[in-house]
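> Below are the sequence and a predicted model; questions follow.
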Amino acid sequence: MAWFRAGYSAARIAIRKTLCHSGSYMTRIQGLASHNRSFHRTIFRSKAQASATPQSMPLSKLTDNFLDATSSVYLEELQKAWESDPNNVDESWDNFFKNFAGQSVTSAGISGQTIQESMRLLLLVKAYQVNGHMKASLDPLDLEEREIPDDLDPAFHGFTEADLDREFFIGVWNMSGFLSDNRPVMTLQSILTRLQQAYSGHVGYEYMHIDDSAKCNWLRDKIETPTPMTYNKERREVFLNRLTWSTYFENFLATKMKAAKRFGLEGGETLIPGMKEMFDRASDLGVENIVVGMPHRGRLNVLGNVFRKPLAQIFSEFDKNAKSLDEVGLYTGTGDVKYHLGTSYDRPTRAGRRIHLSLVANPSHLEAVDPVVLGKTRAKQYYTNDADRSRNMAVLIHGDGSFAGQGVVYETLHLSALPNYTTGGTIHIVVNNQVAFTTDPRSGRSSQYCTDAAKALNAPIFHVNGDDIEAVAYVCELAAEWRQTFHSDVVVDIICYRRFGHNEVDEPFFTQPKMYKVIQKHPSSLEIYQNKLLESRDITQEDIDRIHRKVNTILNEEYSNSKDYVPKRSDWLSSHWSGFKSPEQLSRIRNTGVNLDVLKKVGKAITVLPDDFKPHKQVKKIYDDRAQMIETGEGIDWALAEGLAFATLLLEGNHVRLSGQDVERGTFSHRHAMVHDQESWKQYCPLDHVMMGQDEEMFTVSNSSLSEFGVLGFELGYSMENPNALVMWEAQFGDFSNGAQVMFDQFLSGGESKWLRQSGLVVLLPHGYDGQGPEHSSARLERFLQMNDSDPYVVPEMDSSLRKQIQGCNWQVVNVTTPANYFHVLRRQIHRDFRKPLVVMSPKNLLRHKSCKSNLCEFDDVQGHPGFDKQGTRFKRLIRDQNDHSDLEEGIRRLVLCSGKVYYELEEERNRLSEKDVAICRVEQLCPFPYDLVQRELKRYPNAEIVWCQEEPMNMGAYSYIAPRLYTTMRTMGRGSFEDVKYVGRAPSASTATGFYSNHKDEQIKLVQLAMQPEPIKYPY
């Protein structure tokens, strides 16, 4: 096929040149309505007028008008060589000459077919394969005006009306479909008719951009069938029933809830039967679980008709007076609007199987749910040992405007083939309303189709007229077959319309008057299909009426039942989460220390490289140093502490996954979780060898694509599937996380409250002021603290036997200062019977700071060691002053509370000045605020001035969060007013940090000196 591909463009130009010179081809004008003669928008001249049209001729008569002189001679020489001995030519040419030379002998009907005509006919077929979709009838409203490409016209290729009844053979070696060498001889008229049926009917196929011939041939076999695909009477009755349910559901809601926003599916009702056909076919092909993500339009219809959410429950959610059932221990959260909610269901299929469906809850932020769905799907594949990714599948439903306009769509598409993110192909369904809110396509995208971004992935795209239910059903089934065959993405673009405005109370005539004048008169897809079945006599009017009565009866019964509907206990935890507590159920606090022998064992496993492995010399030294740390039990640094946390969790049977940009090595070259052989280029991951026979995916560390929004969403979805996993995402620098702000705002901070779904996702955000400028200093700590849901003026129950503070908060924010505490906070994520997101302000220069070390005894489970205090062998929410202070120190004049790496600078300054009357305490857990431990320190230092010290400017960092909570703590002890909370830090600023290192250094010195000055600190600074 190389000769064909290479010559296609040149041949098209040559043909155009020939026809233009000959004068036989006229520019398209208004098309001729002819169903029998298949020439479109072209006027043929009489034979006399068209005397210059290239005529069929023998090979030796080929002129330069089609191929240049060298090529014609070349073809003639090839033919002579082949006639002498077929072995003299390439196999492709051998087959080519066999096809045409052989047929000319056996069939009188094509005895005059020349290679020139064969080439022209091949180009015509190719033109339909490439551009046939441009001629397809895709717009139900028939409003779209498109230029039909010239090369779809037979006259462009030199054919005349006289050729229509001639027989041609167009078989080509190693091709499928129309070009298969086992296809019968056909007249040109038959070829054109079948080409238009296949490529220019109600389905437009785009697949010729795919560079895999096997995939293209597979699609040709499906598309270029000898006769058009038809459904039998039984299948058509199923389609009618499903389309009736879809249509009547929307009509019923429109009648009963006239003033309510519901974002109905009117105009795109064929989505529902299409999805059902897709799911049935996927089940036939081995799919057991499907995870679905979709926007709000049509969601209620999908919930009711595909996921079988009780209709009475859906109807009751429209009742503004409806209340949730009050049960003891039932967490109802704040809730969300009905068209954002998710659900799950074991759906029976047409073949008698059952397939589990999960619809992921999502916000109004279009497409934000896409990577979440993929992450959840990937996790399902891991937990079900679905190594070939054939039993768990993702389906994403998009809008036309958002698919083209939202960057997260491409971020999600971009994950599809990455080894640690692939899900074996996603089926994308675009519900193409041909308008985005009020924006026309010409203002909403620069490409022909809204789906063009998918071409970057070599994904086939099936455009289908949304009024043709059978075409929709067919391409939905075809998409399922593609996904299960090739395990890659595929797009179904259902081109439909929106019968009402953006929502039901919106007025669309303001902005799309022409479109909505047509829509007002346009029949529904149900009416169109009913008429089709009546005409074909596949169904009678009595059958239609019977289906209508049944559907209406059920809808009215469910509506009556909705008045008394009492919601059942919230389905907020899946089976994997059985036994986990809601925020209103008490969970006991557990220690997170590990036996010293176990620490030594796993420590050795993760610090030893194979004897024949040749790492970089600096990496070899890092691992040698780590081995020494384990041997001596001293000087454990940040990276080794993290590795010990991972290894011990793995040993306990938990899955650990860490992803993000450059996480394998670590942005600051500290982790080196994946080691590279400098000679063989092989890779070795020590954490894959904690146990004998360890599954290679049990520990996953993976560099991600350069994406924050998409990858964070993926890991969030992954964390939601099963609680027995430590799932982590690390930003390259903390401030880069704002590229994923939608994920933090809409999913992580409020997901549990809105949708009753827990996540234990850990987010590592490198943070700290060390002179790297505005973009590499702050992880925007203030934003995460500002989004917490605790009342700063109320002290919650803090008794350890009754405390539900963490369970009741929306997430945790920590700024840890020791390797041991980092070890414990990671293990704490798993060693409790609830899950909460954890945001870690991870360090940069502390990774190698000489004082930021821990001894192995701080990791173990033995009580009474030097690292042990009243909190036990677990994460320390507050680390008290490291001087040997008693429970009451009346001589301390100032208590400095701080968080993060500034502690080490304060400690260094205090030692330099020999300040014995200043205490420094580290608030390791900022959110939720450790009221009990702060009270403990205030009692210890009754006469101390209270200071909050931070590196960040006053309008950033933790100050605005800490100040009211510190005041509340002091107030409960009768300890001063709000003005007694003193501030030390940078002044308010628009930028997070200075870009000049000298300025940074001066600012840092001043704030550290201010915290230690002998004079009282003025309020606020």
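Okay, I see it. From a predicted model like this one, the values you see are computed outputs, not experimental measurements.

> And the strands in the stretch 201-350 of the chain?
Remark: strands assigned in the stretch 201-350 of the chain by DSSP state E, counting those that start in this stretch are 203-206, 289-293, 343-348.

> would you list the ones you listed in JSON lines and tack on distance to Ile223?
Every residue, glycine included, has its C-beta placed from N, CA and C. Listed next are these as JSON lines, based on distance: least, Cβ to Cβ, whole Å:
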{"stretch": "strand 203-206", "distance to Ile223": "6"}
{"stretch": "strand 289-293", "distance to Ile223": "25"}
{"stretch": "strand 343-348", "distance to Ile223": "29"}
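
> Tabulate the ones you listed (JSON lines), appending mean neighbour count and distance to Pro837.
Below are the strands of the stretch 201-350 of the chain laid out as JSON lines (neighbours: other Cβ atoms under 10 Å; distance: least, Cβ to Cβ, whole Å):
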{"stretch": "strand 203-206", "mean neighbour count": "25", "distance to Pro837": "40"}
{"stretch": "strand 289-293", "mean neighbour count": "25", "distance to Pro837": "20"}
{"stretch": "strand 343-348", "mean neighbour count": "16", "distance to Pro837": "22"}
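
> nearest to Leu651, of these?
strand 289-293 (29.1 Å; Cβ to Cβ).

> Counting by contacts, list what that closest one packs against.
Applying 3 or more Cβ pairs under 8 Å, 6 or more residues apart in numbering; DSSP states H and E, one finds that strand 289-293 makes contact with strand 354-359, helix 370-383, strand 392-399.

> how close does Arg519 sit to Phe709?
I think there's a mix-up here, since residue 519 is Ile and not Arg. With distances taken as Cβ to Cβ, to the nearest Å, Ile519 is found 35 Å from Phe709.

> Name the residue in the two with the higher neighbour count.
Taking other Cβ atoms under 10 Å, Ile519 and Phe709 do not tie; Phe709 has more neighbours (22 against 19).

> if you skip the residues just before and after it, what's nearest to that one?
Distance criterion Cβ to Cβ, 6 or more residues apart in numbering; nearest residue to Phe709, sequence neighbours excluded, is Ala740 at 4.5 Å.

> So that neighbour lies in a helix, does it not?
Yes: with DSSP: H, G, I helix; E, B strand; the rest coil as the criterion, Ala740 is assigned to a helix.

> Hmm, it is touching Glu715, no?
No: shown here, Ala740 and Glu715 do not form a contact pair, counting by Cβ atoms under 8 Å, at 10.2 Å.

> Comparing the two, which residue is more hemmed in?
Shown here are Ala740 and Glu715; by other Cβ under 10 Å, Glu715 has more neighbours (30 against 26).

> Report the secondary structure state of that one.
With three-state DSSP as the basis, Glu715 sits in helix.

> Likewise for Glu83?
What three-state DSSP gives for Glu83 is helix.

> Kindly state the pLDDT recorded for it?
With respect to pLDDT, Glu83 has a value of 81.

> do the same with Phe44
So, for Phe44, pLDDT stands at 38.

> same deal with Asp336?
Per-residue confidence (pLDDT) for Asp336: 67.

> Can we start the residue count at 38 from this point?
Sure thing, new numbering starts at 38, so read that last one as Asp373.

> OK, contacts around Glu745?
Ala768, Phe773, Ser774, Asn775, Gly776, Ala777 (Cβ atoms under 8 Å, 6 or more residues apart in numbering).

> Check the offset of the biggest helix by length in the chain from the chain's centre.
Secondary structure of the chain per DSSP state H: the longest helix is helix 270-293. Computed by Cα atoms, centre = their mean, to the nearest Å, the separation of helix 270-293 from the middle of its chain amounts to 31 Å.

> Tell me the predicted confidence for the residue nearest the centre of the chain.
Nearest residue to the geometric centre of the chain (Cα atoms, centre = their mean): Pro408, 1.7 Å. Each residue has a pLDDT score; the one for Pro408 is 96.
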